[in-house]
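> could you look at this predicted model? Sequence included:
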Amino acid sequence: MSVHNKKIIILTAPSGAGKTTIKTAMLDEMSNLLSFSVSDTTRKIRPHEIEGSDYFFISEDEFKSRIEKHEFIEWEMVYPGLYYGTSVKEIERIWNEGKTPLLDIDIQGAINVKKKYGHDVLSIFIEPPSMEVLYDRLKKRATESPENIIIRINKAESEMQYKNSFDKKILNDNLIEAIKQVKNIIQEFLTS
């Protein structure tokens with residue numbers, strides 16, 4: 001399978017919908033074609049995360065400086081004081097490797113990248129089975145305070161309104177089936 005250079009694949013979803021698990025499966029199964037685009041963030045590193053592998057953890061001042069220099073293809077203040085962004089340098093690094101960048105980004109960032117790159121972007125929205133399931137998943141993660149879980153659920157409810165803005169929607173009520181569907185969609189996009 002040949003990869004058309006300069007394409008981008010986006011996985012997006014409300015927090016807890018399973019996009020990171022699906023992203024990991026895609027990178028494992030399609031490592032010869034895809035490379036994860038590591039985002040920059042101002043949030044604190046979590047115990048299981050690795051600098052430069054999960055995120056580039058930077059200060060808010062540095063992030064704002066990079067915004068002024070137009071060093072991001074997209075960026076958002078996802079939660080108050082917490083910035084996330086995809087750097088131009090990271091996308092170009094992956095294209096120079098002859099691979100397609102796989103972005104795991106928030107809803108608004110995904111919409112912005114799609115607007116900017118058009119048909120060269122495949123945007124996939126991972127939909128949770130229900131808000132109750134989403135709440136349970138976030139609670140089981142044990143990475144957020146009860147207050148932050150409520151913030152994420154409220155944000156998820158508003159993000160669900162955008163699900164029809166994406167090229168494809170995948171309902172993640174069966175993880176194995178969702179992974180298979182995403183893989184098929186990506187393969188079709190890369191060979192078209």
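Looks like it came in fine. Because the structure is a prediction, the values reported are computed rather than measured.
> next, count neighbours for the closest residue to Ile8 other than its chain neighbours.
Once flanking residues are discounted, Ile8 sits nearest to Val121: 4.7 Å by CB to CB, 6 or more residues apart in numbering. Any C-beta I mention is one placed from the backbone N, CA and C, and that applies to glycine too. Val121: 20 surrounding residues under other CB atoms under 10 Å.
> next: Ser165.
By the criterion of other CB under 10 Å, Ser165 has 14 neighbours.
> ok, it to Ile8 distance?
To Ile8, Ser165 is 16 Å away according to CB to CB, to the nearest Å.
> beta partners of Phe56?
Beta bridges link Phe56 to Asp40 when assigned by DSSP bridges.
> isn't it up against Thr41?
Yes. Judged on CB atoms under 8 Å, Phe56 makes contact with Thr41 at a distance of 7.3 Å.
> which residues in this structure form strands?
8-12, 34-36, 39-41, 55-57, 72-79, 82-87, 100-104, 121-127, 168-171 (DSSP state E).
> include mean pLDDT and distance to Asp28 when you put the ones you listed into JSON lines, please.
Below are these laid out as JSON lines (pLDDT from 0 to 100; distance: least, CB to CB, whole Å):
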{"stretch": "strand 8-12", "mean pLDDT": "97", "distance to Asp28": "14"}
{"stretch": "strand 34-36", "mean pLDDT": "97", "distance to Asp28": "10"}
{"stretch": "strand 39-41", "mean pLDDT": "96", "distance to Asp28": "19"}
{"stretch": "strand 55-57", "mean pLDDT": "96", "distance to Asp28": "19"}
{"stretch": "strand 72-79", "mean pLDDT": "90", "distance to Asp28": "25"}
{"stretch": "strand 82-87", "mean pLDDT": "95", "distance to Asp28": "22"}
{"stretch": "strand 100-104", "mean pLDDT": "96", "distance to Asp28": "12"}
{"stretch": "strand 121-127", "mean pLDDT": "96", "distance to Asp28": "17"}
{"stretch": "strand 168-171", "mean pLDDT": "96", "distance to Asp28": "18"}
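> please identify which of those strands is closest to Lys64.
Across those, Lys64 has its closest neighbour in strand 82-87 (7.9 Å, CB to CB).
> could you list every helix and strand in contact with that closest one?
The elements that strand 82-87 packs onto, with contact taken as 3 or more CB pairs under 8 Å, 6 or more residues apart in numbering; DSSP states H and E, are strand 39-41, helix 60-68, strand 72-79, helix 107-117.
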